[in-house]
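1. Structure for this input, please:
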Amino acid sequence: MAKKMRLEDLQGLVYSTDPDALPQEEIEEIPALENKQQKLYVSVDKKQRGGKKVTLVEGFLGHDDDLKELAKTLKRLCGAGGAAKDGEVVVQGDFRDKIFDFLLKEGYQVKKKGG
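-> Reported below is the predicted structural model:
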């Protein structure tokens with residue numbers, strides 16, 4: 001959780017266009033996990049999506065670039081559109097079994113979620 005910046009921390013500075021004027025916090029880098037260490041959940045959802053079904057892959061831990069690469073691979077596998085953000089991949093359509101089998105072959109720990 002980010003620490004709140006107080007007026008005293010600014011040392012009298014009110015506004016500046018210089019990006020180095022404010023103290024920068026160091027960002028901790030998340031270590032990349034191997035496929036066999038990832039625990040993913042695959043489910044089909046259609047709530048708040050206008051009745052259209054989507055396949056959700058939840059629980060991904062790692063870099064956003066790795067998540068986007070996984071999403072790209074899954075979308076290409078299914079021939080459908082989708083998105084990736086916040087550790088979740090959304091693929092348009094009901095492809096739960098196809099994605100489940102693919103993730104198992106890639107070495108992920110996968111569970112089906114829902115009915």
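2. For the rest of this, base every contact and every neighbour count on C-alpha atoms.
-> OK.
3. For the residue nearest the centre of the chain, which non-adjacent residue is spatially closest?
-> Centroid-nearest residue in the chain: residue 87, 2.2 Å away (criterion: Cα atoms, centre = their mean). Closest residue to residue 87 apart from its sequence neighbours, by Cα to Cα, 6 or more residues apart in numbering: residue 60 at 4.7 Å.
4. Please look at the one you found and residue 42 and confirm they touch.
-> No - in this structure residue 60 lies outside contact range of residue 42 using Cα atoms under 8 Å: 11.0 Å.
5. how close does the residue nearest to the centre of the chain sit to residue 17?
-> Per Cα to Cα, to the nearest Å, residue 87 is found 33 Å from residue 17.
6. can you map out the helices along this protein?
-> 64-78, 96-105 (DSSP state H).
7. which stretch among the ones you listed comes nearest residue 47?
-> For the helices of the chain, proximity to residue 47 was assessed by Cα to Cα; helix 96-105 is nearest, at 16.1 Å.
8. Go through the closest one and flag the buried ones.
-> Applying a neighbour-count criterion of 16 or more other Cα atoms under 10 Å, one finds 96, 99, 100, 103 buried in helix 96-105.
9. cool, and stretch 54-62?
-> 54, 55, 56, 57, 58, 59, 60, 61, 62.
10. Mind checking which of these are in strands?
-> 54, 55, 56, 57, 58 (DSSP state E).
11. for this protein, which spans come out with low pLDDT?
-> 1-5, 7-16, 21-30, 115 (pLDDT under 70).
12. Kind regards, and thank you for your time.
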